[in-house]
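Chemist: Requesting a structural model of the entry that follows:
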Amino acid sequence: MNKRLKLGWFSFSCCEDSTIIFTELLNDHYLTWKKLIDFRSISVLQKKEDLTDLDVAFVEGAITSGGQSDRLKVIRENSKKLVAVGSCACVGMPSAQRNLFNTETNTEIEAILTRFKYLPKVQKLSEIVTVDDQVPGCPMNEKIFLTLVDKYLKEFKIIS
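Modeler: Okay, here's the model as predicted:
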């Protein structure tokens, strides 16, 4: 088989609307993409996961816990390019709205934060790792996503 783009799709704390858009895009593009893309990790579609030497990792959602932060760092270490997908990944919001809570509200939710081992603040991806590109929107902007897929297919010499 010809060389294919090694791609992963990962989702953290968000409503996963970009994942839904991505799966809808697969309805239109899968027959073409399956020849060009090696889908290494997409938990909504398959159980298998292979983070080995990813070309591109698309990451949706904000980071709310130390475990998520550690996982994001592993994804970054194994990816040549990392793309923040959706508003939560790009700017933190709306997932990061608890960062704006007053003292009284923070006191009320303290037990929940402790129980689920949440970080004191919700973070956008670029606060933790280097982000190479962004697909803004909630849900993501489809045109920008498709442009980036095409960009990376060319950059990694899958297509000319």
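Chemist: Return the residues in contact with Cys90.
Modeler: Each residue near Cys90 by CB atoms under 8 Å, 6 or more residues apart in numbering is listed here: Ala84, Lys124, Leu125, Ser126, Gln134, Val135, Pro136. Any C-beta I mention is one placed from the backbone N, CA and C, and that applies to glycine too.
Chemist: so how far is Ser65 from Pro120?
Modeler: 11 Å (CB to CB, to the nearest Å).
Chemist: Please say which of those two ends up with more neighbours.
Modeler: Between Pro120 and Ser65, Ser65 has the larger neighbour count (other CB atoms under 10 Å), namely 16 against 8.
Chemist: Surely Lys73 touches Leu82?
Modeler: No - distance between Lys73 and Leu82: 10.5 Å, which falls outside the contact criterion (CB atoms under 8 Å).
Chemist: which of these two has more neighbours?
Modeler: Counted by other CB under 10 Å, Lys73 and Leu82 do not tie: Leu82 has more neighbours, with 25 against 13.
Chemist: So that one sits against Leu51, correct?
Modeler: No - between Leu82 and Leu51 there is no contact, the gap being 12.0 Å when judged by CB under 8 Å.
Chemist: Tell me the residues that contact both of these two, please.
Modeler: Common contacts of Leu82 and Leu51 (CB under 8 Å, 6+ apart): Ile75.
Chemist: Please list only the buried members of the contacts of Cys90.
Modeler: Burial by neighbour count, 16 or more other CB atoms under 10 Å: within the contacts of Cys90 this picks out Ala84, Lys124, Leu125, Gln134, Val135.
Chemist: So which of those residues are in strands?
Modeler: Among these, the ones falling in strands (DSSP state E) are Ala84, Gln134, Val135.
Chemist: And Val122, how far from Leu7?
Modeler: Going from Val122 to Leu7 by CB to CB gives 26 Å.
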